[in-house]
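Enquirer: Show me the folded form of this:
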Amino acid sequence: MRTQKEIYFDNAATTKIADCAINAALNAMQKNFGNPSSLHKKGIEAKNIIEEARQAVSDLLSCTPSEVYFTSGASESNTIAILGALLPKPRKANKIITSSIEHKSVLNCFKTAESLGYVVQYIKPKNNQISAEELKDMVDSSTALVSIMHVNNETGSINNIKELADAVKIKNKKTLFHCDACQSMGKLSIFLPKLNIDMLSFSGHKLHAPKGIGGLYLKKGVKACLVCGGTQESGVRMGTENVPGIAAFGAVCKKLNDKIIEENLQKVNELKNKLVDSLTTEFKDSVTINLPSNASPYILNFSVLGLPAQVLQNCLQDYGIFVSTGSACSKNAKSYMLKEFGFSNEIINSAIRVSFCGENTVEEVERFVKVLKDVVFNLKELNARGDKN
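Expert: Presented below is the predicted three-dimensional model:
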């Protein structure tokens, strides 16, 4: 391992915890450590922390605090939203729709629903997006629920959620619309009153809060529940609340607003553009940019053709540079998402994902490109010597 300053370019997998989140969590663990269901002072203090965080999240999403529920993360939120909304209902509307590029936590919920008698339909991306017209054609009077992600976690492609939700509601206003916003909350502006959706899932550790905390937006009147227990989180997610995690998440959300989100967007967009320009200049035809035109600037997927992604990742790690070979939930598996987007096996086998945060710098991008050039040159030299032998 070379002793150089580390560069962390895997922020779509998880992020470094912000100082404000650490301080808030420590306060909740060391000072306001009561059970929020207890009626004494310590319990009330803990309960107040939860409600302050709920207000911060609702302010960020432009919804009411009563529509925000805390969970252990986006995977649990997705499960509550999809199965928790479907299972208690009579099976009159038995069709559900999702895209083929969703996170595994969504796809596995749909598989479970299918085993329980629901008819599942999958929509594939067209021009790197989910088509509102195609989705509209699939919805009918028997459609109970539609789930489409906002930002894809491997390519960064952005779906027009408002357009998709409007298309669904035009065909069947009773159809529930769920959105996984794990890669967009706090990074792109989300104004829920305009989106016409019923449920939104999000995660704290993608946004500089700790792992093990996330949330679910349920539009007023929408019911969803899976866990049996007490009355915590208004009966949506029972069990003693993770007060330190909630406090940390709330602290992060308090510091975010439209101005900061826009500033971070501009910064990471400059980083991504610089990296794209450098890759296309330095590597020419040996690199493909697996980037939709409508992608989030926080995610860049590219392939160094002829070099296995895992080998490249391991070599970069030796220099203290951390990138991903795909979704963190699919270790050692070829990307089904890239396949659904239509990329060839050659591109998929070599695909590297770089994902930024607001703390990354131009200097880090420059060093990354320099190291990547050295690594690619050395690997190709080794391959050439191996071929001669």
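
Enquirer: next one: stretch 344-362 to chain centre, how far?
Expert: Distance of stretch 344-362 from its chain centroid, counting by C-alpha atoms, centre = their mean, to the nearest Å, is 15 Å.

Enquirer: What of stretch 140-151?
Expert: Relative to its chain's centre, stretch 140-151 lies at 18 Å (C-alpha atoms, centre = their mean).

Enquirer: Look at it and report the distance between its end residues.
Expert: 26 Å (C-alpha to C-alpha, to the nearest Å).

Enquirer: Helices of the stretch 201-350 of the chain, residue ranges please.
Expert: 243-254, 258-283, 309-318, 336-340, 345-349 (DSSP state H, counting those that start in this stretch).

Enquirer: Can you say which of those helices is packed in most?
Expert: Scoring the helices of the stretch 201-350 of the chain by mean neighbour count under mean count of other C-beta atoms under 10 Å gives helix 243-254 as the most buried, with a mean of 26. (Each C-beta comes from the backbone N, C-alpha and C, glycine too.)

Enquirer: which strands and helices sit next to that one?
Expert: Applying 3 or more C-beta pairs under 8 Å, 6 or more residues apart in numbering; DSSP states H and E, we find helix 243-254 packed against helix 19-30, helix 41-61, strand 68-71.

Enquirer: how about those, which one is nearest Gln313?
Expert: For those, the distance to Gln313 is smallest for helix 19-30, at 27.7 Å, taking C-beta to C-beta.

Enquirer: buried set for the closest one?
Expert: Cys20, Ala21, Ile22, Ala24, Ala25, Asn27, Ala28 (16 or more other C-beta atoms under 10 Å).

Enquirer: Check stretch 367-385 too.
Expert: Going by neighbour count (16+ other C-beta under 10 Å), the buried part of stretch 367-385 is Arg367, Phe368, Val369, Val371, Leu372, Val375, Val376, Leu379.

Enquirer: Tell me, how many residues neighbour the spatially closest residue to Gly34 that is not a sequence neighbour?
Expert: Distance criterion C-beta to C-beta, 6 or more residues apart in numbering; nearest residue to Gly34, sequence neighbours excluded, is Lys42 at 2.9 Å. For Lys42, the number of neighbouring residues by other C-beta atoms under 10 Å comes to 15.

Enquirer: swap in His103?
Expert: 24.

Enquirer: repeat for Val119
Expert: Residues near Val119, counting by other C-beta under 10 Å: 13.

Enquirer: Over to Lys334?
Expert: 15.

Enquirer: need the strands for this structure, in chain order.
Expert: Using DSSP state E, the strands of the chain run over 7-8, 68-71, 95-99, 119-123, 143-147, 176-180, 199-203, 214-218, 287-289, 299-304, 321-322, 351-355.

Enquirer: which one of those lies closest to Glu233?
Expert: Of all these, strand 68-71 sits nearest to Glu233, with 4.7 Å by C-beta to C-beta.

Enquirer: which other helices and strands contact the closest one?
Expert: helix 41-61, strand 214-218, helix 243-254.

Enquirer: who does that strand pair up with?
Expert: The pairing partners recorded for strand 68-71 under DSSP bridges are strand 214-218 (antiparallel).

Enquirer: pLDDT weak spots in this structure?
Expert: 1-3, 89-91, 326-333, 383-389 (pLDDT under 70).

Enquirer: so what are the domain limits for it?
Expert: The chain resolves into domains spanning 7-16+258-388, 19-254 when parsed by automatic domain parsing.

Enquirer: quick one on the thing from earlier: out of the strands of the chain, flag the one nearest Ala165.
Expert: strand 176-180 (4.6 Å).

Enquirer: Now render the helices and strands packed on helix 243-254 as JSON lines, adding distance to Ile82.
Expert: Shown next, in JSON lines, are the helices and strands packed on helix 243-254 (distance: least, C-beta to C-beta, whole Å):
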{"stretch": "helix 19-30", "distance to Ile82": "28"}
{"stretch": "helix 41-61", "distance to Ile82": "19"}
{"stretch": "strand 68-71", "distance to Ile82": "13"}
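
Enquirer: hmm, back to that, which one of the buried residues of helix 19-30 sits closest to Tyr217?
Expert: Closest to Tyr217, out of all of those and judged by C-beta to C-beta, is Ala21, at 20.4 Å.

Enquirer: residues contacting the closest residue in space to that closest one that isn't next to it in sequence?
Expert: Once flanking residues are discounted, Ala21 sits nearest to Ala248: 3.7 Å by C-beta to C-beta, 6+ apart. By C-beta atoms under 8 Å, 6 or more residues apart in numbering, the residues touching Ala248 are Ile17, Ala21, Ile22, Ala24, Ala25, Ala28, Gly204, Ala209, Pro210, Ile213.

Enquirer: Quickly note the distance from Ala248 to Asn242.
Expert: Noted for Ala248: a distance of 9 Å to Asn242, by C-beta to C-beta, to the nearest Å.

Enquirer: Check Leu305 too.
Expert: Using C-beta to C-beta, Leu305 is found at 44 Å from Asn242.

Enquirer: Of the two, give the one with the bigger neighbour count.
Expert: Neighbours per residue (other C-beta under 10 Å) separate Leu305 from Asn242, with Asn242 holding more: 21 against 14.

Enquirer: and that one, backbone torsions?
Expert: phi -80, psi 80 (degrees, to the nearest 10).

Enquirer: And for Asn294?
Expert: Dihedral angles of Asn294 (phi, psi; degrees, to the nearest 10) stand at phi -100, psi 30.

Enquirer: on that earlier part again, which stretch among the helices of the stretch 201-350 of the chain approaches Asn301 most closely?
Expert: Among the helices of the stretch 201-350 of the chain, the nearest to Asn301 by C-beta to C-beta is helix 336-340 (7.5 Å).

Enquirer: Kindly provide the distance from the nearest residue to Asn257 once chain neighbours are set aside to Ala132.
Expert: Spatial nearest neighbour of Asn257, excluding adjacent residues (C-beta to C-beta, 6+ apart): Leu60 at 7.7 Å. Distance of Leu60 to Ala132, computed by C-beta to C-beta: 26 Å.

Enquirer: what does Lys284 give?
Expert: Lys284 sits 37 Å away from Ala132, taking C-beta to C-beta as the criterion.
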